[in-house]
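Asker: Quick one, fold the following:
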Amino acid sequence: VAVGVLAGCGNSSNSSSEGDGTVTIKVGASITPHSEILEQAKPILAEQGIKLEIIQIEDVVTPNTGLAEGSLDANFFQHQPYLDDFNSENGTDLVSVGAVHYEPFGIYAGKVKSLAELPDGATIAVPNNTTNEARALLLLQQEGLLTLKDGVDIKATINDIASNPKNLQFKEIAPEQLVKALPDVDVAVINGNYAIEGGLKVKDALAVESDQGVAAKTYENILVVQKKDENNEAIKKLIEVLQSDEIRTYIENTYGGAVVPIK
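Answerer: The predicted structure is shown next:
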């Protein structure tokens, strides 16, 4: 029988209550690390009468469109600036119910093996969506390779570069394609999850975002639901598990600094 994720907490087209009282919720997630983290939450939630169904999604649009259309109960793949942009562009009202971890951006070697060796006119691959491109530019600024206009911060684009002493050239590429692009560029600035999927290790990055910078405070990965479900009891239990010491320890022991749990 189709019901809300829990009785009295709003209706959902795909959450269901089984004959034994078990509640099923569907969560769309990136393969790495989000689906892997959710797999660790599965047995814990099962003990609380919640069956977690994980839908692995490789792109960065489908998890939000699926949630907005009701084929998913939640998603776990994005940070708040990306969600804000999606809501603004699509007229949706998706909301975060809590942050789980942070994935440091890194600069990874392509043709050039150190930042000191970057030649004038070097080609740098960066993500092609607004929020992640800004994050890449902030990291390049952190490393002294360029200067951005005052006040642009997480809204920066390549048009907001105030100083570019090496005349760096930028190649805007879909985030999930950046690892594959490495042989064709001097360096690439890559999202933590796609670096992991591509076999890169954060310890091998030429530079990594500072955990004291604006990015660490801004780009925490969040669990997202429709507005009507933000007080849903099953969703509350899910975020509670994702923020638990058990999941925190799993993240710390598994990802070698490429995924950092929220303290």
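
Asker: Centre of the chain to stretch 186-206, how far?
Answerer: Here the centre of stretch 186-206 is set off from its chain's centre by 14 Å, with Cα atoms, centre = their mean, to the nearest Å.

Asker: Which helix or strand lies directly C-terminal to the one helix or strand Ala125 maps to?
Answerer: For Ala125, the host element (DSSP states H and E) is strand 123-127. Next helix or strand after strand 123-127 toward the C-terminus (DSSP H and E): helix 130-142.

Asker: what's in contact with the helix or strand following that next one?
Answerer: Later in the chain than helix 130-142, the nearest helix or strand by DSSP H and E is strand 147-148. Here strand 147-148 makes contact (Cβ atoms under 8 Å, 6 or more residues apart in numbering) with Leu137, Leu138, Gln141, Ala156, Asp160, Ile161, Ala162, Ser163, Asn164. (Glycine included, C-beta is placed from N, CA and C.)

Asker: Direction included, what does strand 147-148 pair against?
Answerer: Using DSSP bridges, strand 147-148 pairs in its sheet with strand 161-163 (antiparallel).

Asker: got the buried residues for the strand it pairs with?
Answerer: By 16 or more other Cβ atoms under 10 Å, the buried positions in strand 161-163 come out as Ile161.

Asker: avg pLDDT for that strand?
Answerer: Taken as a whole, strand 161-163 has a mean pLDDT of 98.

Asker: hmm, who's touching that strand?
Answerer: Residues from elsewhere that reach strand 161-163, judged by Cβ under 8 Å, 6+ apart: Leu137, Leu146, Thr147, Leu148, Lys149, Asp150.

Asker: any idea which helix or strand comes after it?
Answerer: Downstream of strand 161-163, the next assigned helix or strand under DSSP H and E is strand 169-173.

Asker: Quick one: work out the angle between that next one and strand 123-127.
Answerer: Here the directions of strand 169-173 and strand 123-127 differ by 30 degrees (axes from the mean of the first three to the mean of the last three Cα atoms, to 10 degrees).

Asker: and which of the contacts of strand 147-148 is nearest Ile235?
Answerer: Leu138 (31.6 Å; Cβ to Cβ).

Asker: Does the residue nearest to the spatial centre of the chain lie in a helix or a strand, and which?
Answerer: Centroid check for the chain by Cα atoms, centre = their mean gives Gln78 as the closest residue, at 3.6 Å. Using DSSP H and E, the element containing Gln78 is strand 74-79.

Asker: which of the contacts of strand 161-163 tops the neighbour count?
Answerer: Within the contacts of strand 161-163, neighbour counts (other Cβ atoms under 10 Å) peak at Leu137, which reaches 25 neighbours.

Asker: what about that residue, distance to Glu197?
Answerer: According to Cβ to Cβ, to the nearest Å, Leu137 and Glu197 sit 23 Å apart.

Asker: in this protein, which helix or strand is least confident?
Answerer: Across the helices and strands of the chain, mean pLDDT, DSSP states H and E gives its lowest value to strand 16-17, namely a mean of 58.

Asker: Could I get the full set of strands for this protein?
Answerer: 16-17, 23-29, 50-56, 74-79, 94-102, 106-109, 123-127, 147-148, 161-163, 169-173, 187-190, 207-208, 220-226, 260-261 (DSSP state E).
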